[in-house]
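> Have a look; sequence and predicted model below, questions after that.
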Amino acid sequence: MEAPGPQEIWRLEGSLTRSSMPSLPEDQPALIQPTREPGEKPVTSAVILTFTQPDYRDLCRLAQVHEVPRQVWGCAYRPGSWKGSSLTVVAPALGAPYAAMVLEKLIALGARQVLALGWCGSLSPQVRIGHLILPSGAIPGDGTSPHYCREPGEIPPHRDLYNLLVAGLRDAGIPWHTGPVWSTDAFYRETPSLVQSCQARGILGLELELAALFAVGRYRQVAMAGLLVVSDELFALQWHPARGSEPFRQARNAALRLVLDAAAAGERDA
């Protein structure tokens with residue numbers, strides 16, 4: 001028997017989402033709730049959540065972070081500031097289930113505006129290594145999102161944070177695109193048929209966390225948006241990684257400052 005292709009997987013996921021769970025997430029409170037435990041320090045309202053050690057180190061340097069890292073579910077977080085506004089830098093929260101757990105705890109500790117900075121693979125010939133993607137929505141291909149969001153289709157970012165990133169991108173001097181991305185749980189199962197099916201739907205990139213993060217943000221009613229650096233290309237049905245290319249380096253440096261600027265602006269406007 002052949003393994004199911006992406007279209008069949010989407011049909012099965014939709015069936016699971018609609019009928020297999022006993023009730024909607026909104027209908028029943030969870031048995032375990034994220035809380036601030038005794039002795040835990042709060043985080044700032046503005047948080048930048050990232051998924052790689054290089055981004056974490058550079059964000060800490062730019063935000064003039066000096067304190068010893070604290071831990072939430074084993075994920076480091078440190079307070080800092082940018083352009084006079086306080087913020088918290090968090091990483092690495094790799095993969096949807098872990099990122100959702102970390103975000104839940106950060107919200108319990110006081111986070112209200114969260115920006116995710118990540119890397120992604122391009123599915124479009126127009127979106128190349130060294131470009132930026134501003135996701136207009138994330139389509140769940142993960143197992144975490146349906147526990148927070150039962151409606152099928154794209155999960156959008158928070159509009160105000162999205163618009164703050166748009167304003168910064170217009171002056172950044174780096175090629176950028178906006179559109180949907182696909183969140184997958186399986187980095188090593190990004191197959192040709194998956195790429196082709198995503199391309200047919202106009203999906204710009206593949207990444208691991210944003211659908212779950214957008215779903216948690218919407219469910220908990222906190223502002224959540226993301227920015228992605230294109231680190232590899234998949235659109236030709238072959239893997240072409242950046243491997244430290246100069247366009248990738250420039251785009252990543254710009255993205256670091258873009259999320260810092262958006263976090264500071266969001267904090268001032270809150």
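Arrived safely, thanks for sending.

> And the strands in the stretch 151-270 of the chain?
176-184, 205-207, 223-233, 240-241 (DSSP state E, counting those that start in this stretch).

> Of those strands, which is nearest Asp160?
For those, proximity to Asp160 was assessed by C-beta to C-beta; strand 223-233 is nearest, at 6.3 Å. From N, CA and C alone the C-beta is placed, and that goes for glycine too.

> on that earlier part again, kindly reformat the strands of the stretch 151-270 of the chain as JSON lines containing distance to Val102.
Output for the strands of the stretch 151-270 of the chain, formatted as JSON lines (distance: least, C-beta to C-beta, whole Å):
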{"stretch": "strand 176-184", "distance to Val102": "16"}
{"stretch": "strand 205-207", "distance to Val102": "16"}
{"stretch": "strand 223-233", "distance to Val102": "13"}
{"stretch": "strand 240-241", "distance to Val102": "26"}
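
> which stretch among those comes nearest Leu165?
strand 223-233 (5.8 Å).

> The closest one packs against which elements?
If contacts are counted by 3 or more C-beta pairs under 8 Å, 6 or more residues apart in numbering; DSSP states H and E, strand 223-233 sits against strand 113-122, strand 132-141, helix 159-169, strand 205-207, helix 210-220, strand 240-241, helix 246-269.

> same thing but 6 Å
When contacts are defined as 3 or more C-beta pairs under 6 Å, 6 or more residues apart in numbering; DSSP states H and E, strand 223-233 sits against strand 113-122, strand 132-141, helix 159-169, helix 210-220, helix 246-269.

> mind checking how far the most centrally placed residue in the chain is from Pro42?
Compute the mean C-alpha point of the chain, and by C-alpha atoms, centre = their mean the closest residue is Leu210, 3.4 Å away. Computed as C-beta to C-beta, to the nearest Å, the Leu210 to Pro42 distance reads 25 Å.

> Please apply the same query to Arg243.
Per C-beta to C-beta, Arg243 is found 40 Å from Pro42.

> now the strands of the stretch 151-270 of the chain in TSV, with mean neighbour count and mean pLDDT?
Output for the strands of the stretch 151-270 of the chain, formatted as TSV (neighbours: other C-beta atoms under 10 Å; pLDDT from 0 to 100):
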stretch	mean neighbour count	mean pLDDT
strand 176-184	23	98
strand 205-207	26	98
strand 223-233	25	98
strand 240-241	13	96
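
> Let me know the pLDDT of the nearest residue to Glu104 once chain neighbours are set aside.
Spatially, and ignoring its direct neighbours in sequence, Glu104 is nearest to Pro34 (4.2 Å; C-beta to C-beta, 6 or more residues apart in numbering). Predicted confidence (pLDDT) for Pro34: 95.

> Flag every buried residue along stretch 161-180.
Neighbour-count burial for stretch 161-180 flags Leu161, Tyr162, Leu164, Leu165, Gly168, Leu169, Ala172, Ile174, Trp176, His177, Gly179, Pro180 (criterion: 16 or more other C-beta atoms under 10 Å).

> ok, back up a step: hang on, the residue nearest to the centre of the chain packs against Gly226?
Yes. Applying C-beta atoms under 6 Å as the test, Leu210 and Gly226 come out as touching, 5.0 Å apart.

> any shared contact partners between those two?
Taking C-beta atoms under 6 Å, 6 or more residues apart in numbering as the criterion, Leu210 and Gly226 both touch Pro135.
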